[in-house]
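1. sharing a sequence plus its predicted fold:
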Amino acid sequence: MSIRVRYFASLKESLGCDGVELSCARPLTVQQVWSQATGQISLPDNILVAVNMAYVDQAVEITDGDEVAFFPPVTGG
Amino acid sequence: MIIKLSVEAFDPFDEVKRFQEQQAGLAGAIGATSIFIGTMRDFNDGDSVVSMSLEYYPGMTERQLEMIVTEAIERWAVLNVLVVHRVGDISPGDPIVLVVVETSHRGDAFDACRFIMEALKSKAPFWKKEQLASQTSRWVENNSKGYAP
């Protein structure tokens, strides 16, 4: 199973890369994706999560082929 | 509905003119056009800002903007909407965002335009990084509430 993880803006800078490909044997939670991708235990409260380009809450299950994006609060406009 | 992201500087008044020309068929139905233009300031949080770069999430940004405009169209009696947003490197005085809402009556135009701007500010994935006069740079961490602090 393959999951594409992407980071944006200040998170991309602090992690030093724009993302990573994860492979795993079974579906993961958002928290598990974050931990496996970054090596950090818990997802910071202010970080937003999108799966396949739609906002999700952390209860969603991540499956094969999903794109999971982590990013800080948005500041457009 | 027209939604555009632009890496080039844009003239909001040219955009409005072109938008109105493209839909001459609506001319008799439109009684109100609400226009919001957001431009880049040369100051923020007490510091001089010399330039800014705007990052976005290709694909998701456009999709979020479409969802926001669709919600506005469902909530108010909107005839048409144009949203233009800059990305990339921006200088003070440059327009960053343009929202144009055409309706039959002014209340819907004002309300839908405000709604689109506020939703864009809180949901559309854009991120600003400021280059300061002090030769340092910083990410803008949160959008303001929309009034002078």
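-> Happy to help now that I have it.
2. and the residue nearest to B:Leu26 when sequence neighbours are not counted, what element?
-> Nearest residue to B:Leu26, sequence neighbours excluded (Cβ to Cβ, 6 or more residues apart in numbering or on different chains): B:Leu79, at 5.6 Å. (C-beta placed from N, C-alpha, C; glycine too.) Using DSSP states H and E, B:Leu79 sits in strand B:78-86.
3. now A:Glu21
-> Per DSSP H and E: strand A:19-23 holds A:Glu21.
4. closest residue of chain B to chain A?
-> B:Phe126 (2.7 Å; Cβ to the nearest Cβ).
5. that residue pairs with what?
-> Bridge pairing for B:Phe126 (DSSP bridges) gives the partners B:Tyr56.
6. pretty sure it is in contact with B:Thr61, am I right?
-> Yes: at 6.5 Å, B:Phe126 and B:Thr61 qualify as touching, with contact defined as Cβ atoms under 8 Å.
7. mind checking which of those two has more residues around it?
-> B:Phe126 (27 against 22; other Cβ atoms under 10 Å in any protein chain shown).
8. ok, and what's touching the helix or strand just after the strand holding B:Leu79?
-> Per DSSP H and E, strand B:78-86 leads on to strand B:88-90 as the next helix or strand towards the C-terminus. Applying Cβ atoms under 8 Å, 6 or more residues apart in numbering or on different chains, the contact partners of strand B:88-90 are B:7, B:40, B:51-54, B:96.
9. for the helix ranked longest in chain B, buried residues please.
-> Of all the segments of type helix in chain B, defined by DSSP state H, the longest one is helix B:106-123. For helix B:106-123, burial by neighbour count (16 or more other Cβ atoms under 10 Å in any protein chain shown) applies to B:108-117, B:119-121.
10. circling back: okay, now the sheet partners of the strand holding A:Glu21, with direction.
-> strand A:2-7 (antiparallel).
11. pull out the buried positions in the strand it pairs with.
-> A:3, A:5-7.
12. if you count contacts, what does the very next helix or strand once past it end up packed against?
-> Using DSSP H and E, the helix or strand that follows strand A:2-7 in sequence is helix A:9-15. The contact analysis (3 or more Cβ pairs under 8 Å, 6 or more residues apart in numbering or on different chains; DSSP states H and E) places helix A:9-15 against strand A:67-71, strand B:126-132, strand B:137-139.
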